[in-house]
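Trainee: turn this into a model:
(one chain, ligands or ions: 1)
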Amino acid sequence: MGVFTDQIAVVTGASSGIGSAIARELAKHGATICLVGRRLDALDAVTRDIQKTSPASKYYAVELAQEGEIQQFAQDIQNTFNRVDILVHSAGVFSMGSIETTPVSNLDWQYAINVRAPYCLTQALLPALKRAQGQIVFINSSVGLQARATVGVYAATKHALRAIADSLRAEVNPAGVRVLSLYLGRTATPMQEAACKIESKPYLPQNLLQPEDIAAVVANTLSLPRSAEVTDIQIRPQMKPTR
Ligand SMILES: NC(=O)c1ccc[n+]([C@@H]2O[C@H](COP(=O)([O-])OP(=O)(O)OC[C@H]3O[C@@H](n4cnc5c(N)ncnc54)[C@H](OP(=O)(O)O)[C@@H]3O)[C@@H](O)[C@H]2O)c1
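Mentor: Here you go, the predicted structure:
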């Protein structure tokens, strides 16, 4: 018996990086996972692996920029599982550029995936999460706390995500729902590899946070007794000792 046995966990961004590591970790501790992403081959591979320990887990191909697809997904998991205990928002997009030069279409795109989608999905699943006295996790970024040059658009979406998480926490705590935000530094995933390429920096995954580190923190925090609520966690790569 794992700590999340009989619990249903919805994880977005589960086809890659941090979301896939969180899905695996929650499944290892007994949860049944609804994996959300777009790439069928990647979703299928992660789900097959997870099904070895959590056979009822399923994947769902959802374009999170489409509100209709989010609503349909919420309906589908209600029909199949009729409960949701954990919702992890890990899907996200990132690009770089100055405010002076970044087209507003880029702002609209990042807003759609990083802010609007988690807002809509939270709304759609909130009745079920309240019934289960569930838990909601927002994967945020260090730049969601402190913006810096050339990441203004991404930082703006992550600041907005923080505001949504903070307001939501105050609204749903009385119903017994916990809300956690994680503010992450550079983590070894395809998103970070792409970021290094844009910055013309070498991608050195061994020097970065690992997706499994984040997954362990999420699982540990979600399994804390209900007398405690962890609201915000900042995690950054450990500085390597110089030799
Ligand atoms: N890596 C870092 O250094 C870092 C640092 C701070 C915060 N974060 C945050 O961590 C979260 C996870 O990032 P990651 O590093 O794991 O990135 P990743 O490996 O690129 O994974 C991104 C995930 O988001 C999904 N996704 C993107 N657009 C989507 C859309 N329109 N509809 C549905 N799903 C979509 C992707 O699904 P498909 O591939 O199937 O389309 C993929 O599963 C993000 O919120 C990111 O902002 C990352």
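
Trainee: tell me the spacing between the most centrally placed residue in the chain and Ile18.
Mentor: The geometric centre of the chain, computed from its C-alpha atoms, lies nearest to Ser90 (CA atoms, centre = their mean), at 1.7 Å. From Ser90 across to Ile18, the span is 5 Å (CB to CB, to the nearest Å). Using the backbone N, CA and C atoms, a C-beta is placed for each residue, glycine as well.

Trainee: same question for Gly134.
Mentor: Applying CB to CB to Gly134 and Ile18 gives a distance of 20 Å.

Trainee: which one's more surrounded, the two?
Mentor: Legend: neighbour count by other CB atoms under 10 Å for Gly134 and Ile18, higher for Ile18 (30 against 26).

Trainee: wait, that one touches Ala215, no?
Mentor: Yes - using CB atoms under 8 Å, Ile18 is in contact with Ala215, at 7.4 Å.

Trainee: list the contacts for the residue nearest to the centre of the chain?
Mentor: Val11, Thr12, Gly13, Ala14, Gly17, Ile18, Gly19, Ile22, Ile139 (CB atoms under 8 Å, 6 or more residues apart in numbering).

Trainee: could you redo the last one with a cut-off of 7 Å?
Mentor: Val11, Thr12, Gly13, Ile18, Gly19, Ile22, Ile139 (CB atoms under 7 Å, 6 or more residues apart in numbering).

Trainee: which of the helices or strands spans Thr157?
Mentor: Secondary structure assignment for Thr157, by DSSP states H and E: helix 152-172.

Trainee: helices and strands around that helix, which ones?
Mentor: helix 104-111, helix 117-131, strand 135-141, strand 178-184 (3 or more CB pairs under 7 Å, 6 or more residues apart in numbering; DSSP states H and E).

Trainee: does any bit of it sit next to the ligand?
Mentor: No - judged by CB under 6 Å from any ligand atom, helix 152-172 makes no contact with the ligand; its nearest approach is 6.8 Å.
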